[in-house]
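> Sharing a sequence plus its predicted fold:
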Amino acid sequence: MYAQQGKNVLAQAIRIAVLSTALGISVTAYAANEQAQQHYEIKSGQLGQALSSFAMQSGVALSFDPALTKGMNTQGLSGSYSIADGFEQLLKGTQLQLVQRDHGGWSIEKIKNTPQRSKPVREVGQLNSIAVNGMAQSAVDGNASQLPVIKVAADDQPVGLKKRTQSGVLGNKSILDTPFSVTVVESNDIAKRGAKTLGQIFINDPAVYSQSAAMATDWWGTSVRGLGVSNYYVDGFPMALNWGGDFPSEAAESVTVLKGLTGFMYGFGSPGGAISYQLKRPKDSPETSVEVSYRNPSTFSALIDTSNYLDAVDLGYRFVVGGDQGKAYNDAEQNRFVTSLALDKKITDHLKWTANFTYENNKTEHEPPVFDFSAITEKLPKVTYDYDNLTVDNSFYKTNTFTASTGLGWEINEDWNVKYQFGYTRKLHESNLTFASLLNTAGDYDGTIYQFAGVSETLMNQAMLTGNLATGKIQHELVAGGGYTKSTDRWSKQSYWSTDYTANLYSPTSFRIANTPDFSLEPDIGSQTAQSYAFLSDTIKLNEQWQAILGLRHTYYDQEDVDHDPTVDSGYNTKETTPTIALLYKFVPEATLYASYVESLEAGSRVGEKYANAGEVLPATISKQYELGVKYNVNPFGITAALFKMQRAATMDSIQDGLKYLTQDGLTNYQGLELSGTYKPTNALKLGLGMMYLDASIDEVAEANKAIEGKVPAGLAKWSGVANAEYAIQAIDGLSLHGNVRYNGSSYISSDNTIQVPAYTLVNTGLSYKFKLNGHDAVVNGNINNLLNKKYWASSGTWASIGEAINGVVSLKVNW
């Protein structure tokens, strides 16, 4: 049923785009560069719509509450104006004024008789920042802050390090005031580069790596600073994305990665970091866009994104629907349907209700297998991009993702706010996948079939109080709250893991899966965990230069005994209090030096059946992180750097009396340096450069594991780096070129450090052309991934994927 819905949506969107093109009698080139004065034609009518239209034409980042302009009209504009004069004319007689925000953009506010402190900017995804040219300037003042390196969007969005982002339970802080390394990528940049996976979204951040290619099952997920990430959040709600599938980026306004330990911000989880999706919210004025795209050899996609405000019920909505269908570059068949709905309602001037829903149904058929290197004793075989040699025609992987959340926000006064959230997430997996165990350099492998089904569900509710107070001359920003999260897993009645065929990388296989999978789920819960937690943080502003952050989080973690075996106690519970301590120094307003210490909790796990100690519950562990960093952003330069050290309890296989045990033994130490910079020598050119150095080792192991003491953990590259550039073609208004070169260093397939996965370098390039199509804003984006068709293994240690061959995507997006 959902596949048919996706087909209908795709066909309808393509028809709309074709009709728009046919009606496009006059095509006017889009103005790419902001000028001191330019000609504007703004129709009379609703003030909110006129302001948005003027901002789009002038390239200004404007955000405002639509309730401010509700019922107001304007005479419009006709003639040449500077930006300041244009806004003044539109706002004349309205008791509204234009105000510059801390983040470098602009907002509309009521004219006040006495000066008051500006209200906090809304969370990422709730502001409608308008940037309409390839090299948009920050604001009217040419000295306004430019794009910081921490924000890797290729578009020069008019925001800087003062942009606010939601930092877990630290609250809504500017990136400049966050004592951690953070990267935010906006939806405009995701669309411009045609990014489909987290690896592509964060391609310009050398600290973020994914072994999974586009248009394939993301089986092993993403790593940050060399550590795997299992902490995924959708508007702050935990989302289980293990075993395949990114969250649909079409529903997100931005995607954020918080690097390093996240115990205080998010509780139990893996220490690599946290990836957070901020969902699209209703816009300030009505807007609809239709986008159609093509990927070689025959994948077609469509997306409709519409936002409006229903005056009759005082309700704003944002609705997204779309999908993909066809054959991808790797011979896999794609069939995907995605939709989302966001609602905003202002119940009173101080009470706001929000709700969000997302749904994705995805089926990927006969994709290449995931490869296991553990049997390899020599160098790895050469990579082939003859994908049809590797695929099994009747293999597939299906996922069904659903999220729903609602919340109330109460502005008690200008200093204090209360927010309550309740949400539910669900992800269903059905696997009929193939895995391959490589045997030798000649490319022979054993093929294994893995059939199973599982559903992961999470319920969460959380209340949070934020406020400001003063003790003498010292200012405090307080965040306090608590919540409860419950997660359950159910598994299929039957699972099938069997080596059923042999094949070779360089020869076709005629194998077909004969075993019929049973995806019916057990009625009983297979695992159940719960977290009850409370948190408190205080950002202490000692003066204009110095501030400190103190935070505590207390968590009670409970893993229920649900295996229905009275002879084995598989339950486990623990409680821990984890601190966060940070000191920040602003030697100039546009720069911050910081030092931070944070702890993270990683849940205990039950040992699997393949080990001699099966059923044993390994206890929860505490990881620690120390970080020194600097963030600096003054036009035309931007620099961010972080020196970090992490300590994590190691889990490893141990052979005792000829039997294999899973044990916690030793410490894994990670220490490294992140360094990134941007330079904008002219309005037409922006350059970026980033690198990460990672020195990791396994230490303090027991006598039985002395052979690997001092060795590098599997899957970690010592060096990674990226260079990127964007250039606006002056001779053709609206046309810009972009590209990047990404280097991923060599790594070992196992902790004995005998066989390496070779390093590789990828080149990606693209263009963006903005123009007018029959009076509507339109953009064509084109991208080529792996331009030089580099053949490589993408590895996270023992497991690896065949690389992503050269492939391209072109899209047309029309707004009205």
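Structure's in. What do you need?
> what's around residue 398, how many residues?
20 (other CB atoms under 10 Å). Where you see a C-beta, it was placed from the backbone N, CA and C, and this is true even at glycine.
> In which helix or strand does it reside?
Under the criterion of DSSP states H and E, residue 398 resides in strand 396-411.
> tell me the average confidence for that strand?
Average pLDDT, strand 396-411: 95.
> in it, what's buried?
Of the residues in strand 396-411, those buried under the neighbour-count criterion (16 or more other CB atoms under 10 Å) are 396, 397, 398, 399, 400, 401, 403, 404, 405, 407, 409, 411.
> Equivalent analysis for stretch 540-558, please.
Residues 540, 541, 547, 549, 551, 553, 555, 557 are the ones in stretch 540-558 that count as buried (16+ other CB under 10 Å).
> how close does the second one sit to residue 468?
When distance is defined by CB to CB, to the nearest Å, residue 541 is 10 Å away from residue 468.
> helices or strands up against the helix or strand hosting residue 808?
Secondary-structure assignment from DSSP H and E places residue 808 in strand 807-815. Strand 807-815 makes packing contacts with helix 2-23, strand 287-295, strand 776-785 when contacts are defined by 3 or more CB pairs under 8 Å, 6 or more residues apart in numbering; DSSP states H and E.
> One more pass at 10 Å, please.
helix 2-23, helix 187-192, strand 287-295, strand 297-310, strand 760-773, strand 776-785 (3 or more CB pairs under 10 Å, 6 or more residues apart in numbering; DSSP states H and E).
> Rebuild those as a markdown table, extending it with mean neighbour count.
Output for the helices and strands packed on strand 807-815, formatted as a markdown table (neighbours: other CB atoms under 10 Å):
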| stretch | mean neighbour count |
| --- | --- |
| helix 2-23 | 15 |
| helix 187-192 | 21 |
| strand 287-295 | 20 |
| strand 297-310 | 18 |
| strand 760-773 | 20 |
| strand 776-785 | 21 |
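> Show me the shaky parts of the stretch 251-400 of the chain.
In the predicted model, the stretch 251-400 of the chain carries pLDDT under 70 at residues 263-270.
> need the helices for it, in chain order.
263-266 (DSSP state H, counting those that start in this stretch).
> tally of neighbours for residue 639?
By the other CB under 10 Å criterion, the neighbourhood of residue 639 contains 18 residues.
> Now do stretch 507-524, average pLDDT.
Stretch 507-524 shows a mean pLDDT of 94 in the predicted model.
> Now do the end-to-end distance for that stretch.
End-to-end distance of stretch 507-524 (CA to CA, to the nearest Å): 44 Å.
> buried sites along that stretch?
If you call a residue buried by 16+ other CB under 10 Å, then stretch 507-524 has these buried ones: 509, 511, 513, 517, 519.
> Tell me the spacing between the nearest residue to the first one once chain neighbours are set aside and residue 812.
Closest residue to residue 509 in three dimensions, ignoring its sequence neighbours and counting by CB to CB, 6 or more residues apart in numbering: residue 503, at 4.2 Å. Distance of residue 503 to residue 812, computed by CB to CB: 41 Å.
> Check residue 801 too.
Between residue 801 and residue 812 the distance is 31 Å, computed by CB to CB.
> For these two, indicate the residue with more neighbours.
For residue 801 versus residue 812, the count of surrounding residues by other CB under 10 Å is larger for residue 801: 25 against 20.
> how about the helices in this protein?
For the chain, the helices defined by DSSP state H occupy 2-23, 47-58, 66-69, 83-91, 187-192, 198-201, 263-266.
> Let me know the average pLDDT across the third one.
In this case it means helix 66-69. Taken as a whole, helix 66-69 has an average pLDDT of 78.
> on contacts alone, who are the packing partners of it?
Helix 66-69 is packed against helix 47-58, strand 106-110, strand 333-346, with contacts defined by 3+ CB pairs under 10 Å, 6+ apart.
> Please repeat the previous calculation with a cut-off of 7 Å.
Here helix 66-69 is seen to pack against helix 47-58 when contacts are counted using 3 or more CB pairs under 7 Å, 6 or more residues apart in numbering; DSSP states H and E.
> Likewise for the fifth one?
If contacts are counted by 3+ CB pairs under 7 Å, 6+ apart, helix 187-192 sits against strand 252-259.
> got the contact list for the strand it packs on?
Contacting residues not belonging to strand 252-259 are listed as 124-125, 165, 167, 180-187, 201-202, 207-208, 224-225, 249, 265, 273-281 [CB atoms under 7 Å, 6 or more residues apart in numbering].
> of the residues you listed, buried ones?
Among the contacts of strand 252-259, those buried by neighbour count (16+ other CB under 10 Å) are 124-125, 165, 167, 180-187, 201-202, 207-208, 224-225, 249, 265, 273-281.
> for the stretch 601-750 of the chain, what spans make up the strands?
605-606, 617-618, 621-634, 637-656, 659-682, 685-699, 719-728, 735-744, 747-748 (DSSP state E, counting those that start in this stretch).
> The residue nearest to residue 108 when sequence neighbours are not counted and residue 369: what is the separation?
Leaving aside its sequence neighbours, residue 108 sits nearest to residue 64 (CB to CB, 6+ apart; 3.7 Å). In this structure, residue 64 and residue 369 are separated by 52 Å, where distance is defined by CB to CB.
> Equivalent analysis for residue 217, please.
10 Å.
> Kindly report the same for residue 814.
Spatial separation of residue 814 from residue 369 under the definition CB to CB is 40 Å.
> End to end on stretch 323-333, go ahead and measure it.
As for stretch 323-333, its first-to-last residue distance stands at 13 Å under the measure CA to CA.
> what about the stretch 451-600 of the chain, any weak spots by pLDDT?
Across the stretch 451-600 of the chain, the stretches falling below the confidence threshold (pLDDT under 70) are 562-570.
> hey, where'd the strands end up in it?
Listed in chain order (using DSSP E, counting those that start in this stretch), the strands of the stretch 451-600 of the chain are 474-491, 496-504, 527-541, 546-559, 572-585, 591-602.
> from those strands, which stretch is densest packed?
strand 591-602 (a mean of 21; mean count of other CB atoms under 10 Å).
> Setting aside sequence neighbours, what's the nearest residue to residue 407?
In this structure, residue 407 finds its nearest non-sequential neighbour in residue 421, 4.1 Å apart by CB to CB, 6+ apart.
> What is the burial count for the one you found?
In terms of burial, residue 421 registers 20 neighbours under the definition other CB under 10 Å.
> How about the one 10 residues further on?
As a burial measure, residue 431 scores 24 neighbours (other CB under 10 Å).
> which residues does the closest residue to it other than its chain neighbours contact?
Of all residues not flanking residue 431 in the chain, residue 452 sits nearest, at 5.2 Å (CB to CB, 6+ apart). For residue 452, the set of contacting residues under the criterion of CB under 7 Å, 6+ apart consists of 431, 491, 492, 495.
> Need the CA coordinates for stretch 765-784. CSV is fine.
Listed next in CSV are the C-alpha coordinates belonging to stretch 765-784 (Å, rounded to 0.1, in the frame of the first residue of the first chain):
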residue,chain,number,x,y,z
THR,A,765,31.6,18.3,-7.1
GLY,A,766,28.4,20.1,-8.0
LEU,A,767,26.7,23.3,-9.1
SER,A,768,23.6,25.3,-8.1
TYR,A,769,21.7,27.7,-10.4
LYS,A,770,19.0,30.0,-9.0
PHE,A,771,16.6,31.7,-11.3
LYS,A,772,13.1,32.8,-11.8
LEU,A,773,10.7,30.4,-13.4
ASN,A,774,7.4,32.1,-14.5
GLY,A,775,7.9,34.5,-11.6
HIS,A,776,8.7,31.9,-9.0
ASP,A,777,12.0,31.2,-7.3
ALA,A,778,13.6,28.1,-8.7
VAL,A,779,16.9,26.3,-8.3
VAL,A,780,18.6,23.5,-10.3
ASN,A,781,21.2,21.5,-8.3
GLY,A,782,23.5,19.0,-9.8
ASN,A,783,26.1,16.8,-8.1
ILE,A,784,28.7,14.1,-9.0
